[in-house]
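> have a look; sequence and predicted model below, questions after that.
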Amino acid sequence: RKEVEQDPGPFNVPEGATVAFNCTYSNSASQSFFWYRQDCRKEPKLLMSVYSSGNEDGRFTAQLNRASQYISLLIRDSKLSDSATYLCVVNKGAGSYQLTFGKGTKLSVIP
Amino acid sequence: DTGVSQDPRHKITKRGQNVTFRCDPISEHNRLYWYRQTLGQGPEFLTYFQNEAQLEKSRLLSDRFSAERPKGSFSTLEIQRTEQGDSAMYLCASNLPGNTDTQYFGPGTRLTVL
């Protein structure tokens, strides 16, 4: 089983749509969870951290289920500028600063 | 620009040559990371420094790869006897302790081995 698995994508959605990305991770010792965004041929940039209580930042909502080792990202009212690859990221566990990235899910928002 | 910087941005080399990349982290970030990213994949961890100490190394970091951070500021990643399989984007990231592990990435060095 891969350490971090994401929906393979790509997702092609119209402007204004709601889209959800799913991610599972295999390392139960992981303590920190993130969604990063990566534009084509650019570096990854932090979109948001993910907490057990769930967190929201504008149109973006992230959820974490530690029991199921599952992370989600919901984007509401999609904009053209949301088109990017979304990377699910977890750390290796307590005492480790290694981040493990999923392969990413590509989103294209269509006019 | 106060972000992470990397040099060069692109490098084309012939198989068997040695290459060296440089990373300048965000000022006062004492943690520095190297990752490799190939097409269609997420970044893969290579190694991590806290100040000048190299604390973690991935199994991906073969003996042809060496990384240094001699003064705890900038870092270099050297690849000796490059192979075509080394072609990738090499990303550097940095952060501060207690920053919930958020890492800030540089623009990367794209290596092409012919």
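Thanks, I have it. Source: prediction; values computed, not measured.

> okay, now the unreliable bits of chain A?
Low-confidence segments of chain A, defined by pLDDT under 70: A:1.

> got the contact list for the closest residue to chain A within chain B?
Proximity of chain B to chain A (CB to the nearest CB) peaks at residue B:42, 3.1 Å away. C-beta here means a position set from N, CA and C on the backbone, and glycine is covered the same way. Residues in contact with residue B:42 (CB atoms under 8 Å, 6 or more residues apart in numbering or on different chains) are A:4, A:87, A:89, A:101-104.

> out of everything not next to it in sequence, what's closest to it?
With sequence-adjacent residues excluded and distances taken as CB to CB, 6 or more residues apart in numbering or on different chains, residue B:42 is closest to residue A:101, at 3.1 Å.

> so residue A:13 touches residue A:76, yeah?
No - between residue A:13 and residue A:76 there is no contact under CB atoms under 8 Å: 11.3 Å.

> so who does the residue in chain A that chain B sits nearest to touch?
Here the residue of chain A nearest chain B is residue A:101; by CB to the nearest CB that distance is 3.1 Å. Applying CB under 8 Å, 6+ apart to residue A:101 gives the contacts A:4, A:36, A:44, A:87-89, B:42-44.

> give the helix, strand or coil label for residue B:91.
Classification of residue B:91 using DSSP: H, G, I helix; E, B strand; the rest coil returns strand.

> pretty sure it sits against residue A:38.
No - Residue B:91 is not in contact with residue A:38 according to CB under 8 Å; the separation is 10.1 Å.

> looking at those two, which one has more neighbours?
residue B:91 (24 against 21; other CB atoms under 10 Å in any protein chain shown).

> can you name the residues bridging to residue A:61?
residue A:56, residue A:74 (DSSP bridges).

> sticking with residue 94, tell me its helix or strand.
I'll assume chain A. Under the criterion DSSP states H and E, no helix or strand holds residue A:94.

> think we crossed wires, I meant chain B
Element membership for residue B:94, per DSSP H and E: strand B:88-95.

> what comes into contact with whichever helix or strand comes after that strand?
Beyond strand B:88-95 on the C-terminal side, the first helix or strand identified by DSSP H and E is strand B:104-105. Strand B:104-105 is touched from outside by A:43-46, B:3-4, B:26, B:29, B:91-95, with contacts defined as CB under 8 Å, 6+ apart.

> what is the mean pLDDT for strand B:104-105?
Mean per-residue pLDDT for strand B:104-105: 94.
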